[in-house]
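Undergrad: just a sequence and a predicted model for now, questions to come.
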Amino acid sequence: MRKITQFRPGGSLVLVLFAVYMLVPLLATLNFSLTLGENYTTVAYEKLLRNEALFEALWHSLLLATLTVLGSLILTLPTLYWVQLKLPQAKPLLEFFTLLPFIVPPIVMALGLIRIYSSGPFPITGTPQILVFSYMMVSLPFMFRAIDNALQSIDTHTLTEAAQSLGAGTFTTLRYIIIPNILPGIVSGSLLVFSSALAEFALANLLVGSAWTTFPVFVSNVGRADGRQAAALAVISFVITWLVSITILWSANRAPGQNNISLNR
Amino acid sequence: MSFLVLNQLKKAFGTALAVDNFELEVAKGELVTFLGPSGCGKSTTLRIIAGFETCDGGQIWMNQQEITHLPANRRKIGMVFQSYALFPNMTVAENIGFGLKLAKEKPPIIKKRVNEMLSLIRLEVLAQRYPHQISGGQAQRVALARALAPQPQLLLLDEPLSALDALIRRSLRAEIRQIQQQLGITTIFVTHDQEEALSLSDRIVVMNQGRIEQIGTPFEIYNYPTTNFVASFIGTLNMLPARVTNAAKGEINLGGHTVRVAGPLSQSDNTEITLALRPENLKIVEVEEEGLSATENFVHAKVKEVSLLGAVVRVRLSLAEVLLELDMFNSRHLTLPVPGAEVKLSFPIDSGLILTKPNTTIP
Amino acid sequence: MAVISVEQKINLKPKQGIVKKNLAWLGLLPFILFCGAFELLPMGFMLVGSFLDTKKGTFTLSNYQDALTKPFYLNAFLNSIYVSLITAGVGTILGGLIAYSALTSRRSWVRSGVITLSNVTANFAGVPLAFAFVATLGSTGLVSVFLEKSMGIDFFSKESNLYKFGGLCLVYIYFQLPLMVLLITPALKGLRREWHEAAASLGASIWQYWRHIGLPVLFPALAASFVLLMANAFGAYATVYALAQGYINLTPIQIGFLINGDVALNTGLANALATLMIVLMAGMLFAYQQLNKRSRRWIR
């Protein structure tokens, strides 16, 4: 007789099939990127490494992701602290705003953004600025959730009152009391935003395109011309994703109650 | 033959022995408590009886039938969990009726039985509430009703009161006992709380490290502990270091006084031992009454601290270098001892318990 | 000092309180401005633009007429709905089974391994994923070639199936499965062992437990995950763009063409398509809320 709660019909088979489905494309791609006919070759990787545009695109994406994280933190953290402390009734409004990017696909947002920011007082279409702002918008749910969870897991009110009774102002309280206490949540949210900004394609392609090439756009442009380089770029992208995901997992383990889900479309 | 027979139950988790050679017979309608510290195997034993854990050896017989290998859902055993475990998606009434629904009873019969159970736990007004809308004490009563509704042969309660606060714990304890006796259902109750065990059991099984230390009525367990562990686990004990001076006469040296314990001692002279004394067996006396010295020991001690616990006054004293506690009943006419005062203590010669292993833990 | 401050509070609270509350809203200004500029305004422009003629700028309903009657756009819409429904459905069911099998595994490395694998692969989507699948199942892809050589199955060759509907579903499921595993794991962990045991002690078989307790308790999380997977697939652009631009007709691809294509720049129609997408998503959310009404009674 088995323990009743260990009932899992065909469980191992399900897991094996899942692993095969997830791993075969990766292995096949690695193999494809390294073969030419019957022979092994690293020519695709050599071509890529000689291409200066690759490094420029990588640099662009890293810069973009970093700026997005910073912008998102500056926008989200004080606002959420303020709402938690003084305006709990404004929470549903904020939640509505953070739900929108989940419902409205980036491609749809891109439509309106192009219309507004191509001309007029803020003609920033085609520049990195619009990507920073629109990435902040697209990744708002991840940062918002992470910081909100973290703020709710500590007693913000009592901590603030304790700090103020000792003479600390709002900024000092935020800087020395609140932020250090929710740091795991901040790190977790930042990494999610970072990873989604690093991989974003639709907005980068439609709003900026080749005027300021990001890594995913570079992958698309080069890859569509050469299948072997495409496979090599997929491998490189996977390695980057893997590195970021492992970091996210590692940080999420130190921030209990944080989830680690971002959407990438 | 007894209603429930547990024969040489064994269970190991990896190399750790959780239950070792567990033997028990429970009569019909009896309430037996498994008492012991956490990790002593009491819950594991209960879960083996319920069918949630397999046992590595031994048999379980219930009502003359072997059920060792019967799946949990065919044992007709009701179970109440520490965490209530009410189904969150069902109302109170649906929770209580679930077992009957599974037994394919007709809706009117289910309804009637659910109402009976609701009135048994006096929660008729909460029938349509969901579990998250009721308090812990109410939830546990519903859990009890749910377990009892299909009229199980045996009721198991796994630390049912541990998640509740003190006041509700006491009232629910009395209620569980009352319902159990009213229905005459054979019950096993697991707890780590000795007061709970002493107050509601017909018999107590004291367990430690997977083994049974002693089985007996609450009176036997409290007053006649047979092992060091039971003596120290149940009630408060003064553990006093002493030395055997005359084994044949049962005389020992306690902080410079020679005191007697009942009967000759098996230890040889000059052995270091521990004398265990319950605080309520010690008395402060004015004068050494003649004639009593045949049955009582007398020693001198100094009062350190007096604290009022309600019905009981606890006095901390020092006897030479040894600290000990004494309990006396509170009353309006009591003259409280004064800290610093020298007093004379007496205790019956048969109230002391000799422990050979120097046992220092007082739970 | 403490006394004075208490008195101040008591005396001044009613007057100052209201002013303070209103001032407190000022603290939200940056956030509201940002969301206005980058969420509401674009959506507003899109909505208004969907009713305007692209060339003349006058009011018209022809954008919607085109979007809903021209077979080309209607098919795109239906294809988008099919792909998202199928991949969200498959993702929800299989992903749930995978997560459950992993969580109930007795080996801890299996549990953590599945979570790690899901984390990495859920984030591996878009253009690189499309290329990976081309390298695997494309006309010269490793698995296609292997299947052809070893079993003589000419399933993926030449006019490769990967670029067709079924192939697209395979690619989408690749990121839907791990996403589902991550989404449903917390809810599965919330299923308490005691519920199963309590049900068993009341006579429930494994199926009866799942039918009456396990699935009803999981339902809100399953439904929410399904909606999220659906939205995820419905709005996906990068993957299909890189995989099969021009081969598979999906609404996001059409929108991309209409605003970026050299041939048919028609923003009005793009806006109408986008508005319809949002309406559909809102409809999904509404349906989800209706479905969840029953569960909401017992959820805290």
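TA: Cool, got the structure.
Undergrad: and stretch A:153-168, how far from the chain's centre?
TA: Put simply, stretch A:153-168 sits 31 Å off its chain's centre (C-alpha atoms, centre = their mean, to the nearest Å).
Undergrad: so what touches that stretch?
TA: A:81, A:84-85, A:172-173, A:176-178, A:181-182, A:185, A:256-257 (C-beta atoms under 8 Å, 6 or more residues apart in numbering or on different chains). C-betas here are computed from N, CA, C, even on glycine.
Undergrad: residue contacts, the residue in the stretch 201-300 of chain C that chain B sits nearest to?
TA: Going by C-beta to the nearest C-beta, chain B is nearest to C:L202 of the stretch 201-300 of chain C, at 3.6 Å. Counting by C-beta under 8 Å, 6+ apart, C:L202 makes contact with B:73, B:78, B:98-99, B:102, B:146-147, B:150.
Undergrad: got a winner among these for most neighbours?
TA: B:R146 (31 neighbours; other C-beta atoms under 10 Å in any protein chain shown).
Undergrad: name the helix or strand for it, please.
TA: Using DSSP states H and E, B:R146 maps to helix B:136-148.
Undergrad: residues touching the residue of the stretch 51-200 of chain A found nearest chain B, list them.
TA: Closest to chain B within the stretch 51-200 of chain A is A:Q152: 18.7 Å, counting by C-beta to the nearest C-beta. By C-beta under 8 Å, 6+ apart, the residues touching A:Q152 are A:Q84.
Undergrad: adjacent strands (with direction) for the longest strand seen in chain B?
TA: Counting by DSSP state E, the longest strand found in chain B is strand B:296-308. Here strand B:296-308 is paired, per DSSP bridges, with strand B:312-319 (antiparallel), strand B:342-348 (antiparallel).
Undergrad: out of those, which is closest to C:K55?
TA: strand B:312-319 (95.7 Å; C-beta to C-beta).
Undergrad: name the nearest residue to C:P128, sequence neighbours excluded.
TA: Leaving aside its chain neighbours, C:P128 sits nearest to A:S237 (3.5 Å; criterion: C-beta to C-beta, 6 or more residues apart in numbering or on different chains).
Undergrad: any idea how far C:G89 is from B:A174?
TA: 54 Å (C-beta to C-beta, to the nearest Å).
Undergrad: ok so, going back, let's have the contacts of C:L202 in a markdown table, adding pLDDT and secondary structure.
TA: Shown next, in a markdown table, are the contacts of C:L202 (pLDDT from 0 to 100; DSSP: H, G, I helix; E, B strand; the rest coil):
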| residue | pLDDT | secondary structure |
| --- | --- | --- |
| B:N73 | 92 | helix |
| B:G78 | 95 | strand |
| B:F98 | 97 | helix |
| B:G99 | 95 | helix |
| B:L102 | 95 | helix |
| B:R146 | 96 | helix |
| B:A147 | 96 | helix |
| B:P150 | 94 | coil |
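Undergrad: from those, which two are the most distant?
TA: Across the contacts of C:L202, the longest distance by C-beta to C-beta is 14.7 Å; it joins B:N73 and B:R146.
Undergrad: run through the stretch 201-300 of chain C and note the low-pLDDT ranges.
TA: Filtered on pLDDT under 70, the stretch 201-300 of chain C yields the residue ranges C:244-246, C:261-264, C:300.
Undergrad: can you give me the strands for it?
TA: Counting by DSSP state E, counting those that start in this stretch, the stretch 201-300 of chain C forms no strands at all.
Undergrad: over to the stretch 51-200 of chain B?
TA: B:57-62, B:65-66, B:77-80, B:154-158, B:186-191.
Undergrad: contacting residues around the nearest residue to B:L70 once chain neighbours are set aside?
TA: The spatial neighbour of B:L70 that comes closest, neighbours along the chain excluded (C-beta to C-beta, 6+ apart), is B:G51 at 6.6 Å. With contacts defined as C-beta under 8 Å, 6+ apart, B:G51 is in contact with A:1, A:4, B:67, B:70-73, B:75, B:77, C:200-201.
Undergrad: buried subset of these?
TA: By neighbour count, with 16 or more other C-beta atoms under 10 Å in any protein chain shown, the contacts of B:G51 hold A:4, B:67, B:70, B:72-73, B:75, B:77, C:200-201 as buried.
Undergrad: which one among the residues you listed gets closest to A:N221?
TA: Taking the buried ones among the contacts of B:G51 together and measuring to A:N221 by C-beta to C-beta, the closest member is A:I4, at 56.2 Å.
Undergrad: next one: the helix holding B:R146 to chain centre, how far?
TA: Relative to its parent chain, helix B:136-148 has a centroid offset of 22 Å by C-alpha atoms, centre = their mean.
Undergrad: for it, C-alpha coordinates in PDB please.
TA: Coordinates of each C-alpha in helix B:136-148 appear next as PDB, following Å, rounded to 0.1, in the frame of the first residue of the first chain:
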ATOM      1  CA  GLY B 136     -10.700  28.300  15.000                       C
ATOM      2  CA  GLY B 137     -12.700  26.800  17.900                       C
ATOM      3  CA  GLN B 138     -15.800  26.700  15.700                       C
ATOM      4  CA  ALA B 139     -13.800  25.100  12.800                       C
ATOM      5  CA  GLN B 140     -12.600  22.400  15.100                       C
ATOM      6  CA  ARG B 141     -16.100  21.600  16.300                       C
ATOM      7  CA  VAL B 142     -17.200  21.400  12.700                       C
ATOM      8  CA  ALA B 143     -14.300  19.100  11.900                       C
ATOM      9  CA  LEU B 144     -15.400  16.900  14.800                       C
ATOM     10  CA  ALA B 145     -18.900  16.800  13.500                       C
ATOM     11  CA  ARG B 146     -17.700  16.000  10.000                       C
ATOM     12  CA  ALA B 147     -15.600  13.100  11.400                       C
ATOM     13  CA  LEU B 148     -18.600  11.800  13.400                       C
END
